[in-house]
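>>> Model the structure of this input:
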Amino acid sequence: MFHKILIANRGEIALRIIRTCRELGIRSVIAHSKADASSLPVKRADESICVGPDSARLSYLNIPAIISAAAVTDSEAIHPGYGFLAENAAFAEVCRACSITFIGPSPEAIRLMGDKAQARMLAKQAGVAIVPGSELPLKDSAEALETAERIGYPVIFKAAAGGGGRGMRIVRQRTEAAAAFDACQSEAGAAFGSSDIYCEKYLEQSRHVEVQVLGDKNGIRVHLGERDCSMQRRHQKLIEESPAPSLSAETRSGLHRAALTAAAAVNYVSAGTVEFLVDAEEQFYFIEMNTRLQVEHPVTEMVTGIDLVREQIRIAAGEALGYRQEAVRLDGHAIECRVNAEDPETFAPSAGRVTAWVPPGGFGVRVDSHLMAPYAVPPFYDSLLAKIIVRGQDRAEAIARMRRALGETVVEGVKTSIPFLLRVLNDAAFVEGRFTSVDAARLRG
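Reported below is the predicted structural model:
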């Protein structure tokens, strides 16, 4: 096992990793920007080191600075959390070259699944159904238009190296296609350093369901059930739950098998998530694999009792998973709500100073947050303030518990998404568990 891990991230996920390191007897080092110098993760870590100014590009995305920080602090491994460098194959390769363990999958797996067009081809070759679309990145707007015509509208253009909802455009008619493709290319090039775009059929009445997988270096892989992440705004997840509601047992088991098949296709080691779209007839299609820890991983932890960060660290240290699929038990229902610093009506960012913070508590409630009071919400990074996670014996109990938890949460000084989240939790479509991404768009109003 490692004696010291450097955490190349910030906010709630950095604090989450610090806590698991402490339980494992591992010293933690937080690599932070100047803006986060007085943050809670910096206060809680065993050591801290500044890796750059406020800008993420010059700090959290600064590979030479991160590697130097690991070397200076004698850290054996780096945990990237999610976002930033978590799915950067080049960073994982640099770690390997410097004899620093990257806590995550191999650079090869990251690269294979990081290119969304290539991932589609791999999944198809492995026998996993994919959404109809282009086999390779599109060359230009003319090919984009031809492909869209062949597939049939509506379609969606996606950045091959994308994520987080960037580099995506839904196109409903021919006249919009060329401009949408050009906009996607421009956005993808700026955000990901790659302007490769592919095209998929856009499934109107679909749900976003993902399966959590774990794999060790001995080739043992298990799934930890699925999560429904359909409640989104501009492709950014807002509410996640496990298990996914209103799925037949056959569809559920089919998703699990397909996820393990996709993971095996790239010899996947570590924690990862295989994402699918499920249509109104419960036909499901592979869309991508996230080769990292997900923001919503706590809902899986709540229903399985398995610490995913601990498993990541154990696997990276060369330990065997130690259990097979039959040992994994899914119990109860968990829901996560993301509390963001934003206007609940317009969703405009709400950076500022938090003057009061009272998290919820009680039976079956978990809060993952780096908040404290006072705390200045920096305008440089993601607006996530806290994740509130609840578990109930069933979905109805979990919804009631989440309403109660959100109702007693106090954040003063900035606007938050809590009023919107409560509106969703009281909406009939959500309560009945028969919502789709289209319903999610309606609930944003």
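
>>> what comes up buried for stretch 147-160?
147-148, 151, 155-160 (16 or more other CB atoms under 10 Å). Using the backbone N, CA and C atoms, a C-beta is placed for each residue, glycine as well.

>>> Run through the bridge partners of residue 227.
residue 210 (DSSP bridges).

>>> Wait, it touches residue 239, no?
No. The criterion here is CB atoms under 8 Å, and residue 227 misses it with residue 239 at 10.5 Å.

>>> Pull the contacting residues for the residue nearest the centre of the chain.
For the chain, the residue nearest the mean C-alpha position is residue 294 (3.3 Å; CA atoms, centre = their mean). If you count contacts by CB atoms under 8 Å, 6 or more residues apart in numbering, residue 294 has them with 82, 210, 212, 227, 273.

>>> how far away is the second one from residue 340?
Translated: residue 210. 20 Å (CB to CB, to the nearest Å).

>>> picking that back up, for the buried residues of stretch 147-160, which one is nearest residue 45?
For the buried residues of stretch 147-160, the residue nearest residue 45 by CB to CB is residue 159; the value is 33.8 Å.

>>> shouldn't that closest one be in contact with residue 187?
Yes. If you go by CB under 8 Å, residue 159 and residue 187 touch, sitting 7.3 Å apart.

>>> Now the common contact residues for these two.
Common neighbours of residue 159 and residue 187 (CB under 8 Å, 6+ apart) are 166-167.

>>> Which two among the contacts of residue 294 are spaced furthest apart?
Longest span within the contacts of residue 294, CB to CB: 82 and 227, 14.3 Å.

>>> how about the helices in the stretch 251-400 of the chain?
Here the stretch 251-400 of the chain has its helices, by DSSP state H, counting those that start in this stretch, at 297-304, 308-316, 395-407.

>>> Run the chain-centre distance for the shortest one.
Taking the mean of its C-alpha atoms, helix 297-304 sits 14 Å from the chain's own mean (CA atoms, centre = their mean, to the nearest Å).

>>> can you check the last one too?
If you compare the mean C-alpha spot of helix 395-407 with that of the full chain, they lie 23 Å apart, counting by CA atoms, centre = their mean.

>>> next structured bit after that helix?
Next along the chain after helix 395-407, taking DSSP states H and E as the criterion, comes strand 410-412.

>>> who's in contact with that next one?
With CB under 8 Å, 6+ apart, strand 410-412 has contacts from 339, 354-358, 371, 373, 385-386, 418.

>>> And for stretch 133-146?
Contacts of stretch 133-146 (CB under 8 Å, 6+ apart): 117, 120-121, 147, 151, 155, 157, 160, 174, 177-178, 181-182, 196-201.

>>> And stretch 174-185, by the same measure?
So stretch 174-185 is contacted by 138, 141, 144-145, 148-149, 153, 155, 157-159, 167-171, 195, 197 (CB under 8 Å, 6+ apart).

>>> List the buried residues of stretch 304-316.
304, 306-309, 311-316.

>>> domain ranges for the chain?
Domains of the chain are assigned by automatic domain parsing as 4-103, 132-201, 206-443.

>>> okay but residue 167 is in contact with residue 194, surely?
No. With contacts defined as CB under 8 Å, residue 167 does not count as touching residue 194, sitting 9.2 Å away.

>>> Which residue of these two possesses the greater neighbour count?
residue 167 (28 against 17; other CB atoms under 10 Å).

>>> what residues are up against the more buried one?
Taking CB under 8 Å, 6+ apart as the test, what residue 167 contacts is 158-159, 161, 184, 187-188, 191-192, 197.

>>> So among those residues, where is pLDDT lowest?
Note: of the contacts of residue 167, the lowest pLDDT belongs to residue 191, at 80.

>>> which ones are touching that one?
Per CB under 8 Å, 6+ apart, neighbours of residue 191: 159, 162, 166-167.

>>> so what's in contact with residue 167 and residue 194 at the same time?
Common neighbours of residue 167 and residue 194 (CB under 8 Å, 6+ apart) are 159, 161, 188.

>>> could those residues be laid out in JSON lines, adding distance to residue 71 and secondary structure?
Below are the shared contacts of residue 167 and residue 194 laid out as JSON lines (distance: CB to CB, whole Å; DSSP: H, G, I helix; E, B strand; the rest coil):
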{"residue": "159", "distance to residue 71": "33", "secondary structure": "strand"}
{"residue": "161", "distance to residue 71": "28", "secondary structure": "coil"}
{"residue": "188", "distance to residue 71": "33", "secondary structure": "helix"}
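
>>> Closest to residue 21 out of those?
residue 161 (30.5 Å).

>>> Pick out the most distant pair among the buried residues of stretch 147-160.
Maximum distance among these (CB to CB): 17.7 Å, for 151 and 159.

>>> quick check: mean pLDDT across stretch 388-408?
98.

>>> what separates residue 167 from residue 115, distance-wise?
From residue 167 to residue 115 the distance is 13 Å (CB to CB).

>>> one step back: the contacts of stretch 133-146, buried ones only, as a PyMOL selection?
Typed into PyMOL, the line below selects the buried ones among those, using 16+ other CB under 10 Å:
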select buried, resi 117+120+147+151+155+157+160+177+178+181+182+196+197+198+199+200+201
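
>>> any chance you could map the strands in the stretch 251-400 of the chain?
270-279, 284-290, 333-340, 352-354, 356-358, 365-369, 375-377, 384-392 (DSSP state E, counting those that start in this stretch).

>>> out of the ones you listed, which comes closest to residue 111?
strand 284-290 (11.9 Å).

>>> Cool, thanks, signing off.
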